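Participant: Coordinates only, no sequence provided:
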């Protein structure tokens, strides 16, 4: 078994101070959707038949969100304009949330967790798998709970070839419970009735986070907290966790277990199939510094589930992580997550949305980072029918409240980003049509080009336009504060972006 054939640290910050282009992505829109008095964030996004999007996630009171979580769903059109939003709630003062959505004919199934009263003493509230079916307007068609007398929560739901479904998450009721929490896989038929279930125990607080069909079998991603899981230190992020991926048959029988834990803190998030018959996994690990500060982590598996390459992207002394990934037909990858590394100093202690395009071997082609002086990040990324990249997550969440007794999570909004990838075999040629010099610079940037008609935009690292010019081959930057800026050059429906360092 090969665990780490290649182990590479990508220090993208070097790119920020040279004259390399970051051509390749064109922002279509970046939008947020909030509710007064609530903190909200999205877990997943799915494209609708009319090329709009449905986002699912959580809504909670703000401030003081304890025992106030509700499931939240928002539908927008192709341009990101809100069509409708619905809140799905249980008993007063309970915590309900959504984490996964799939189509069911013209309707949708949404999975998550809901609190209910236990049927046995002491009759207090416990979480169970929660599954709802809604129509295209968000109207509730049916809902079901699955679980026992202790906590369960669903992370993922997928379709199966027999017309049924698999729900994956954790249980504290069933299984051997060596670490107090086991992975739970639940099989449903097409009527959404339970058919069978199976648990997997790795000795810690185990959770199944994603599942992928591969041939007539399945791969399951597992995270297992083994130290400081529910302590004060653990709640602050200083916990130890191991990661695994499992191969099971279509009845849930375990065929192989693969341990993949290079750091103290390892967390897998998403697995997707690849064009070579293998799979790719994304998550976060502190393998570089072993200091509980994770970096974005990608693992490529072959058709035998052996590791081809593993790569880590980020700064070992800052928090970075990956949550979504997919591969295009040309072999390149798009990843989504969060970064505290490659941002301006003002937002360095906060998550920022991070999208990267990687080539077939996992090397970075381009990178997109946005964000505010608060926590913003990507939870899920998909490719749409028009070839664009759409990501969803959270925006303006505060992870540093002044008091745990007066918890204020900030405005907290659903976040939706749409990018169009314009990288092709001619991108380098297009990029070379414009040369900026000097770089670094402290007064005037000169643009060398044979083009006569073009538009220039000077933007900061957060995407704010500072200056605009047309058909001018110089830009005065002597009035700018030192830092990294981007010059966008548009002509004949083409776009090149170049970074300049002002000192």
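Facilitator: Everything's here; your move. Computed from a prediction, not measured in an experiment: that's the story for all the values here.

Participant: now the strands for the stretch 101-250 of the chain?
Facilitator: With DSSP state E, counting those that start in this stretch as the criterion, the stretch 101-250 of the chain has strands at 107-117, 125-134, 140-146, 152-159, 165-171, 182-188, 194-200, 205-214, 217-227, 240-248.

Participant: Make JSON lines out of those strands and add mean neighbour count and distance to residue 38.
Facilitator: All C-beta spots, glycine's among them, are computed from the backbone N, C-alpha and C. As requested, these are exported to JSON lines (neighbours: other Cβ atoms under 10 Å; distance: least, Cβ to Cβ, whole Å):
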{"stretch": "strand 107-117", "mean neighbour count": "22", "distance to residue 38": "17"}
{"stretch": "strand 125-134", "mean neighbour count": "22", "distance to residue 38": "20"}
{"stretch": "strand 140-146", "mean neighbour count": "15", "distance to residue 38": "20"}
{"stretch": "strand 152-159", "mean neighbour count": "22", "distance to residue 38": "21"}
{"stretch": "strand 165-171", "mean neighbour count": "25", "distance to residue 38": "25"}
{"stretch": "strand 182-188", "mean neighbour count": "24", "distance to residue 38": "30"}
{"stretch": "strand 194-200", "mean neighbour count": "16", "distance to residue 38": "33"}
{"stretch": "strand 205-214", "mean neighbour count": "21", "distance to residue 38": "26"}
{"stretch": "strand 217-227", "mean neighbour count": "22", "distance to residue 38": "28"}
{"stretch": "strand 240-248", "mean neighbour count": "22", "distance to residue 38": "30"}
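
Participant: TSV for these, including mean pLDDT and distance to residue 481?
Facilitator: Formatted as TSV, the strands of the stretch 101-250 of the chain follow (pLDDT from 0 to 100; distance: least, Cβ to Cβ, whole Å):
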stretch	mean pLDDT	distance to residue 481
strand 107-117	91	45
strand 125-134	91	49
strand 140-146	95	52
strand 152-159	96	43
strand 165-171	98	47
strand 182-188	98	50
strand 194-200	98	53
strand 205-214	96	42
strand 217-227	97	42
strand 240-248	97	40
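
Participant: Between those, which one is closest to residue 385.
Facilitator: With Cβ to Cβ as the measure, strand 107-117 is the member of these nearest residue 385 (16.9 Å).

Participant: Tell me where this structure has helices.
Facilitator: 232-235, 427-431 (DSSP state H).

Participant: quick one: which of those has the weakest pLDDT on average?
Facilitator: With a mean of 57, helix 427-431 has the lowest mean pLDDT of these.

Participant: So residue 101 sits against residue 109, correct?
Facilitator: Yes: judged on Cβ atoms under 8 Å, residue 101 makes contact with residue 109 at a distance of 7.0 Å.

Participant: hmm, back to that, which among the strands of the stretch 101-250 of the chain is found nearest to residue 449?
Facilitator: strand 205-214 (46.3 Å).

Participant: so who does the residue nearest to residue 104 when sequence neighbours are not counted touch?
Facilitator: Closest residue to residue 104 apart from its sequence neighbours, by Cβ to Cβ, 6 or more residues apart in numbering: residue 133 at 6.3 Å. With contact set as Cβ atoms under 8 Å, 6 or more residues apart in numbering, residue 133 has these partners: 104, 107-110, 140-143, 192.

Participant: State the pLDDT value of residue 17.
Facilitator: 27.

Participant: again, but for residue 399
Facilitator: 58.

Participant: Could you shift the numbering so residue one becomes 4, and keep it that way?
Facilitator: OK, 4 is where the count begins now, so the last one is residue 402.

Participant: how many neighbours does residue 290 have?
Facilitator: By the criterion of other Cβ atoms under 10 Å, residue 290 has 21 neighbours.

Participant: That one against residue 314, yeah?
Facilitator: No: applying Cβ under 8 Å as the test, residue 290 and residue 314 come out as separate, 10.9 Å apart.

Participant: Take the strands of the stretch 104-253 of the chain and write them to CSV, including distance to residue 53.
Facilitator: As requested, the strands of the stretch 104-253 of the chain are arranged in CSV below (distance: least, Cβ to Cβ, whole Å):
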stretch, distance to residue 53
strand 110-120, 14
strand 128-137, 16
strand 143-149, 20
strand 155-162, 21
strand 168-174, 24
strand 185-191, 28
strand 197-203, 33
strand 208-217, 27
strand 220-230, 31
strand 243-251, 36
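
Participant: of those, which approaches residue 498 most closely?
Facilitator: Ranking these by proximity to residue 498 (Cβ to Cβ) places strand 208-217 first, at 34.0 Å.

Participant: From the chain's centroid, how far away is the closest one?
Facilitator: 16 Å (Cα atoms, centre = their mean, to the nearest Å).

Participant: That strand to strand 197-203, inter-axis angle?
Facilitator: Interaxial angle, strand 208-217 versus strand 197-203 (axes from the mean of the first three to the mean of the last three Cα atoms, to 10 degrees): 120 degrees.

Participant: Tell me which other helices or strands strand 208-217 touches.
Facilitator: strand 155-162, strand 168-174, strand 185-191, strand 220-230, strand 269-276 (3 or more Cβ pairs under 8 Å, 6 or more residues apart in numbering; DSSP states H and E).

Participant: Figure out which of the ones you listed is closest to residue 341.
Facilitator: Minimum separation from residue 341 across those (Cβ to Cβ) falls at strand 269-276, 11.2 Å.
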